[in-house]
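In: coords please:
(one chain, ligands or ions: 1)
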Amino acid sequence: MIYPIVKFGNPVLEREAEDVREFDTPELHQFLQDMFESMYAAKGVGLAAPQIGFSRKITVIDISNGENPDDKLVLINPRVIKTEGKQEGEEGCLSIPGFREQVRRGKRVTVQAWNAKGEEFEQTGEDLLARAFLHEIDHLYGRLYITHISALKRDLMKRKIKKLQRAGDWD
Ligand code: NI
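Out: Numbers count the residues shown, from 1 in each chain. This is a model prediction of the structure:
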C-alpha cells in the first residue's frame with residue numbers, strides 16, 4: 001500500500017526512531033515493499049520510515065528512481081562509519097515539499113546497516129548516493145536537512161511553512 005507522506009511539523013519527524021529487532025518477518029518484508037511503493041509514488045530517491053509515520057530505523061533508497069533494480073537499497077538500523085570529502089548541492093525532502101536549499105555534505109560516505117534478512121553489511125556511496133545516505137540516516141535520528149542550513153534561511157522557511165499551515169495548504 002501507498003502511505004501518505006508525513007509533513008514537517010509532525011513530531012514523529014523530529015525524534016529518534018526505534019531500533020528494529022526482528023528481521024526476516026512477513027511484516028517487515030511487506031513494510032519494505034510498502035516503503036518502496038510509497039517512495040516511488042512520491043517521486044523520491046529515499047524514504048525513511050518516520051516519513052510515513054513509523055518511528056523505526058528503516059530507510060529505503062533508490063537513486064535511479066525505479067529505473068535500475070540494482071540501485072534498490074534497504075538500510076535497517078544504519079549508521080555512518082566514514083565520511084570523506086565535501087560536496088555542495090541542492091537538497092529537498094518529501095516531508096518539506098516545495099522547498100530546496102544548498103546543503104554541504106560528505107562526498108564519499110560509508111554506512112554499516114542490516115538488510116531485511118538481518119545480515120549486516122557495509123556500503124560506500126559517492127555523490128548523490130552519499131547525500132542520500134546522510135539525509136535518510138539523519139531522518140532516523142530526528143534530524144531534517146534544514147538543521148544543516150543557516151538559522152536565517154531556516155527561520156524564513158519555517159515562516160513560509162506556518163503561512164501554508166494557516167492557509168490549510170500543509171497536511
Ligand atoms: Ni527527507
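In: list the contacts for the closest residue to Gly118 other than its chain neighbours?
Out: In space, and not counting its chain neighbours, Gly118 is closest to Phe23: 3.0 Å by C-beta to C-beta, 6 or more residues apart in numbering. The way it works is simple: take the backbone N, C-alpha and C, and place the C-beta from them, glycine included. By C-beta atoms under 8 Å, 6 or more residues apart in numbering, the contact list for Phe23 reads 76, 114, 116-118.
In: how about Asp127?
Out: Counted by C-beta under 8 Å, 6+ apart, Asp127 has contacts 87, 107.
In: also Ile5?
Out: The contact partners of Ile5, taken as C-beta under 8 Å, 6+ apart, are 38, 42, 47, 51-52, 94-95.
In: how far away is it from Gly125?
Out: 23 Å (C-beta to C-beta, to the nearest Å).
In: biggest strand in the chain, by residue count?
Out: strand 73-84 (DSSP state E).
In: which strands and helices lie in contact with the following helix or strand past that one?
Out: Using DSSP states H and E, the helix or strand that follows strand 73-84 towards the C-terminus is strand 87-91. Judged by 3 or more C-beta pairs under 8 Å, 6 or more residues apart in numbering; DSSP states H and E, the packing partners of strand 87-91 are strand 101-105, helix 128-140.
In: the inter-axis angle of strand 87-91 versus helix 128-140?
Out: Using axes from the mean of the first three to the mean of the last three C-alpha atoms, to 10 degrees, the inter-axis angle of strand 87-91 relative to helix 128-140 is 60 degrees.
In: between strand 101-105 and strand 87-91, find me the angle.
Out: Going by the same axes, to 10 degrees, strand 87-91 makes 140 degrees with strand 101-105.
In: report the rounded mean pLDDT for strand 87-91.
Out: Averaging pLDDT along strand 87-91 yields 97.
In: quick one: strands adjacent to it?
Out: Applying DSSP bridges to the sheet, strand 87-91 is found paired with strand 101-105 (antiparallel).
In: who does the following helix or strand past the strand it pairs with pair up with?
Out: Using DSSP H and E, the helix or strand that directly follows strand 101-105 along the chain is strand 108-114. When pairing is defined by DSSP bridges, strand 108-114 lines up against strand 73-84 (antiparallel), strand 120-126 (antiparallel).
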